[in-house]
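Q: Here's my sequence, what's the structure:
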Amino acid sequence: MIKIAFICVHNSCRSQMAEALCRHLAGDVFECYSAGTETKPQINQDAVRLIKELYDIDMEKTQYSKLLSDIPPVDIVITMGCNVECPNLPCKHREDWGLEDPSGKSDEEFIKVIKAIEEKVLEMKNKL
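A: You can find the predicted model right below:
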């Protein structure tokens, strides 16, 4: 199985949603992880609420904020769009999804990012 990691600085919002959606939509193809260079005490609560509403996934049951050193070596690294501070992890394939951080913004902004992640996860799954 292909190991994929979604990476951003705090591992509390976009990378967590990507991990949850990847497991949900492409768990048959990918072993999904997320991590960051810093952690937060909890996953972004808007992300938790909206992923639960839209997909009936409780991220707080299966996920927590992790450091890069907490995950195994991976084949694919997806950075969420954190530009300069983007963490570096060795891998066979890397891409940046350039997603805006919706933290502190409206549900509409969150849903835009969630739908973009869903689309990109399905695209990657279909490519392989």
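Q: what are the ranges of the strands in this protein?
A: 2-7, 30-35, 76-79, 93-96 (DSSP state E).
Q: I'd like to know which elements the last one is packed against.
A: To tie it back to what came earlier, the one meant is strand 93-96. Other helices and strands packing on strand 93-96, by 3 or more Cβ pairs under 8 Å, 6 or more residues apart in numbering; DSSP states H and E, are strand 76-79. C-betas here are computed from N, CA, C, even on glycine.
Q: who touches the strand it packs on?
A: Around strand 76-79, the neighbours that count as contacts under Cβ atoms under 8 Å, 6 or more residues apart in numbering are 2-8, 18, 30, 86-87, 89, 91-97, 120, 124.
Q: Which positions in it come out as buried?
A: If you call a residue buried by 16 or more other Cβ atoms under 10 Å, then strand 76-79 has these buried ones: I76, V77, I78, T79.
Q: Can I get these in CSV including pLDDT and distance to T62?
A: Supplementary listing: the buried residues of strand 76-79 in CSV, determined by pLDDT from 0 to 100; distance: Cβ to Cβ, whole Å:
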residue, pLDDT, distance to T62
I76, 95, 20
V77, 93, 21
I78, 94, 19
T79, 91, 22
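Q: which one of the residues you listed sits closest to A116?
A: A116 lies nearest to I78 out of these, by Cβ to Cβ, at 12.1 Å.
Q: about what we covered before: now which of the contacts of strand 76-79 would you call buried?
A: Buried by 16+ other Cβ under 10 Å: 2-8, 18, 30, 86-87, 89, 91, 97, 120, 124, out of those.
Q: Could you list the paired strands of the worst-scoring helix or strand of the chain on mean pLDDT along with their orientation?
A: Ranking every helix and strand in the chain by mean pLDDT, DSSP states H and E puts strand 93-96 at the bottom, with a mean of 90. If you go by DSSP bridges, strand 93-96 pairs up with strand 76-79 (parallel).
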